[in-house]
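[1] A predicted structure for the sequence below; I have some questions about it.
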Amino acid sequence: MSKQPDTTSVKDLELYTKTRSTLITGTLLPDKRKVDIWYDETGTIREIGPDISHAHKGDADIIIDGSGTLAIPGLYNTHTHAAMTLLRGYADDMHLQQWLSEKIWPLEAHLTGDHVYWGTKLACLEMIRSGTVAMNDMYFFMKDTARAVEEAGIRAVLCHGIITFGDEAKLEQEMKATEDLVRHIRSQNNPLIRPAIGPHAPYTVPPQHLEVCAEYSRNEDIILHTHLAETKQEVDDCQKTNGMSPAALLDKTGCLSSRTVAAHGCWLTEDDCRLLGERGAHIAHNPVSNMKLATGRAMPYHHLSEKKVNVSLGTDGCSSNNNLDMFEEMKTAAICQKFFWNSDTLLPAGEVLSMATSSGARALGYSAGEIKPGLSADICLLSLNHPSMVPLHNPVSNVAYSALGCTVQTVICNGKILMYEGYIPQEQEIITGASSSATDLLDRAARQ
Ligand SMILES: N[C@@H](CCSC[C@H]1O[C@@H](n2cnc3c(=O)[nH]cnc32)[C@H](O)[C@@H]1O)C(=O)O
Ligand SMILES: [Zn+2]
C-alpha cells in the first residue's frame, strides 16, 4: 500500500520509524539532471533515472515528492567531540593550549554520562537539521554517546579519547574503557555504529602508549582516530623530544595505516604528506576550529592531494567552532585554502563537496557518500526555494558557497527518514533536556 508523505502530515510519526522502500520523485542532482530515486527496504539505492516512477510506484511504501529540491549525498562530519555542544560558548577567544588546560579540561572533569547523553542528543539534532548523517566522534562516556546516536538514527564511529601523559595506570584505565566500548558496540549489532580507538594526540600519549593503541587497532581491525600536527608548538616539542615530526612518530609507533583518521594536519610538511599517502591514512580537515584557535597555518591541501591522501571534513567540537554546520565548514574550507595559500583555484566547489561526502564515507569505511545504485541511501534534499539556492546557475557552487544548514529540508540516512520537510520528532524535548543538562554541568563545577 502506498503512503504518500506529501499528502500526510509531516508529524506522522510512522514516517520516521524505520527504513522502507521509498521513491523520491522529480528531484534535481548536482549535475542538473532531473531524476527519480528508488531505494529498497534495506536502505540500498536500486535505481536512479528520469521517469522510473511508473515502474516502481507499486514497489515503494513511501513516495516523497522531490520537486523543488536538490538531492546531494548526506554529509560526513569526520572529526568531532559531539557532547561538547554543552560547552558551546563556554570559553572563546583563547590560545589553544590554555583553552584546553585552563578551561575545557577542568570543566570536562565534572562530566557525567548523563551530560554526554544530552550533549550528543543535541549534537545529533543539530547535525540532522543541517544535513549530516555520519560522525567520527572522540569523547568520554561513549556508551551514552552510542545510546544517543542510536536514538537519532545517524551513523557514527565512536572512540573513547585516550590521554595518558605517560602514566601506566591511566593507560590501563583508558584501554579498559576502550575494550569495554568495543564490546558494547559490537553487542548492540547496529550496522551504522562502529567502535574505534582514540589516542588523543602525540603530545598527550607518549610513543610507548601509541604502540599499544596501534596494536589494538590492528588486532581488532578498527579505526584509529587521533589529532595530528595541529599547532607549531606540538611539532617543535615533538622534534625536540623525539627527533622527528608528529606524523613520523605516528608512523614509527605503527599508528599510520589506512585505518587512521587524523584530525587537523595544519603543520604537516611535504615529507609528512608523502608518508601519509604511502600509508593510505586519512586527514580530517577542520578549518573553522583551526581559524578560531589560530593554529597559524592551514592544512597543506595542495601537498596532500598531490600525494593522493584522502582528505575529509570535520567541525571539531562545538567549543571551538561553535556549531556543527557542515555547509559552513565546506565554504570555510574552500576559502581558507585559497586565502592562506594565496591560490584562487585551490580546493574548488566540486572537490569540497566530495570532501564532505564521498571522502568522508571512505575515511570511515561506509559504503555510501554518493547517490548511486548499490550504495546506501544517505540523501539530503535541499530546498531550491530557499534564497541561498536562487538562481541556480551552478548547483555545486550553491551547495559549497551559498547554502546553509537551514537550506536542508529532508534528511535520509540508510534509507530511514530522520527529518522530513524540516520536522524532526522530539526536537523540543531534546533542546529542553540539553539546556538543563548544561546548566547542571556548570552548577556541579561551581559547587566544587
Ligand atoms: N579520556 C580523556 C578524554 C579525551 S576526549 C578528547 C579530548 O579532546 C579535546 N579537544 C577538543 N578539541 C580539541 C582540539 O582542537 N585539540 C585538541 N584537543 C581537543 C576534548 O576537549 C577532550 O578533552 C581524558 O581523560 O581526559
Ligand atoms: Zn578535536
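    Cool, the structure landed. Ligands and ions are numbered 1, 2, ... in the order given.
[2] secondary structure class for the closest residue to ligand 1 within the stretch 101-250 of the chain?
    Nearest residue of the stretch 101-250 of the chain to ligand 1 (Cβ to the nearest ligand atom) works out as Gly161 at 2.4 Å. Placement of C-beta: from N, CA and C, glycine included. Assigned with DSSP: H, G, I helix; E, B strand; the rest coil, Gly161 falls in the strand class.
[3] Next, the contact list for it, please.
    Listed by Cβ atoms under 8 Å, 6 or more residues apart in numbering, the contact set of Gly161 reads His81, Met138, Tyr139, Phe140, Gly198, His200.
[4] Dihedrals phi and psi, the spatially closest residue to it that is not a sequence neighbour?
    On the basis of Cβ to Cβ, 6 or more residues apart in numbering, the spatially nearest residue to Gly161 that is not a chain neighbour turns out to be Met138, at 4.4 Å. Backbone torsions of Met138, given as degrees, to the nearest 10, read phi -130, psi 120.
[5] His225 too?
    phi -110, psi 120.
[6] gap between it and Leu70?
    Going from His225 to Leu70 by Cβ to Cβ, to the nearest Å gives 32 Å.
[7] helices and strands around the lowest-mean-pLDDT helix or strand in the chain, which ones?
    When the helices and strands of the chain are scored by mean pLDDT, DSSP states H and E, helix 53-56 comes last with a mean of 81. Using 3 or more Cβ pairs under 8 Å, 6 or more residues apart in numbering; DSSP states H and E, the elements in contact with helix 53-56 are strand 22-28, strand 34-39.
[8] contact partners of the first one?
    Think strand 22-28. Residues outside strand 22-28 that contact it (Cβ under 8 Å, 6+ apart) are 34-39, 53, 56-57, 59-67, 69-71, 377, 379, 381, 384, 395, 412, 415, 417.
[9] Just want the angle from that strand to strand 34-39.
    Per axes from the mean of the first three to the mean of the last three Cα atoms, to 10 degrees, the angle that strand 22-28 makes with strand 34-39 is 160 degrees.
[10] Give the rounded mean pLDDT of strand 22-28.
    Strand 22-28 carries an average pLDDT of 96.
[11] Report the distance from it to the chain centre.
    With Cα atoms, centre = their mean, to the nearest Å as the basis, strand 22-28 stands 26 Å off its chain's centre.
[12] May I see the buried residues of it?
    Residues of strand 22-28 classed as buried by neighbour count (16 or more other Cβ atoms under 10 Å): Thr22, Leu23, Ile24, Thr25, Gly26, Thr27, Leu28.
[13] Pick the one among these closest to Gly131.
    Thr27 (14.3 Å; Cβ to Cβ).
[14] Report the contact partners of the closest residue to the closest one other than its chain neighbours.
    Excluding the flanking residues, the one nearest Thr27 by Cβ to Cβ, 6+ apart is Gly66, at 3.1 Å. Contact analysis of Gly66 by Cβ under 8 Å, 6+ apart lists Ile24, Thr25, Gly26, Thr27, Asp36, Ile37, Leu381.
[15] could these go into a markdown table alongside distance to ligand 1?
    Formatted as a markdown table, the contacts of Gly66 follow (distance: Cβ to the nearest ligand atom, whole Å):
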| residue | distance to ligand 1 |
| --- | --- |
| Ile24 | 37 |
| Thr25 | 42 |
| Gly26 | 42 |
| Thr27 | 37 |
| Asp36 | 42 |
| Ile37 | 37 |
| Leu381 | 32 |
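[16] Out of those, which two sit at the greatest distance?
    Longest span within these, Cβ to Cβ: Asp36 and Leu381, 13.0 Å.
[17] which phi and psi does the residue most central in space within the chain have?
    Most central in the chain under Cα atoms, centre = their mean is Asn77, positioned 1.6 Å from the mean C-alpha point. The phi/psi pair for Asn77 (degrees, to the nearest 10) reads phi -90, psi 100.
[18] where's it relative to ligand 1, distance?
    14 Å (Cβ to the nearest ligand atom, to the nearest Å).
[19] Touching, that residue and Phe327? I think so.
    No - using Cβ atoms under 8 Å, Asn77 and Phe327 do not qualify as a contacting pair, with a distance of 11.5 Å.
[20] Return the set of buried residues in stretch 193-210.
    Those would be 193-207, 209-210, for stretch 193-210 by 16+ other Cβ under 10 Å.
[21] Might you specify the subset of those residues located within strands?
    Among the buried residues of stretch 193-210, the members found in strands (DSSP state E) are Ile193, Arg194, Pro195, Ala196, Ile197, Gly198, Pro199.
[22] who are the neighbours in contact with the closest residue to the second one other than its chain neighbours?
    It refers to Arg194. In space, and not counting its chain neighbours, Arg194 is closest to Val157: 5.0 Å by Cβ to Cβ, 6+ apart. Applying Cβ under 8 Å, 6+ apart, we find Val157 in contact with Ala134, Met135, Asn136, Asp137, Ile193, Arg194, Pro195, Ala196, Ile223, His225, Val261, Leu364.
[23] Quick one: neighbours of the last one, just the number.
    A count of nearby residues for Leu364, using other Cβ atoms under 10 Å, gives 26.
[24] Disregarding flanking residues, what is the spatial nearest neighbour of it?
    Val157 (5.2 Å).
[25] After the host helix or strand of that neighbour, which helix or strand is next?
    For Val157, the element it lies in under DSSP states H and E is strand 155-162. Once strand 155-162 ends, the next helix or strand along the chain (criterion: DSSP H and E) is helix 168-188.
[26] hang on, Cys380 is in a strand, isn't it?
    Yes - looking at Cys380 with three-state DSSP, it is inside a strand.
[27] From Thr231, how far off is it?
    Distance from Cys380 to Thr231, by Cβ to Cβ: 33 Å.
[28] now swap in Thr332 and tell me
    When Thr332 is compared with Thr231 (using Cβ to Cβ), they lie 19 Å apart.
[29] What is the neighbour count of the closest residue to ligand 1 within the stretch 251-400 of the chain?
    Closest residue of the stretch 251-400 of the chain to ligand 1, Cβ to the nearest ligand atom: Gly317 (4.4 Å). Per other Cβ under 10 Å, the neighbour tally for Gly317 reads 26.
[30] wouldn't it be in contact with Arg88 here?
    No - contact status for Gly317 versus Arg88: not in contact, 9.0 Å apart, counting by Cβ under 8 Å.
[31] quick one, phi psi at Ile154?
    According to degrees, to the nearest 10, Ile154 has phi -90, psi 180.
[32] In contact with it: list those residues for me.
    Here Ile154 is in contact with Cys124, Met127, Ile128, Thr132, Val133, Ala134, Met135, Leu192, Cys413, Leu418 (Cβ under 8 Å, 6+ apart).
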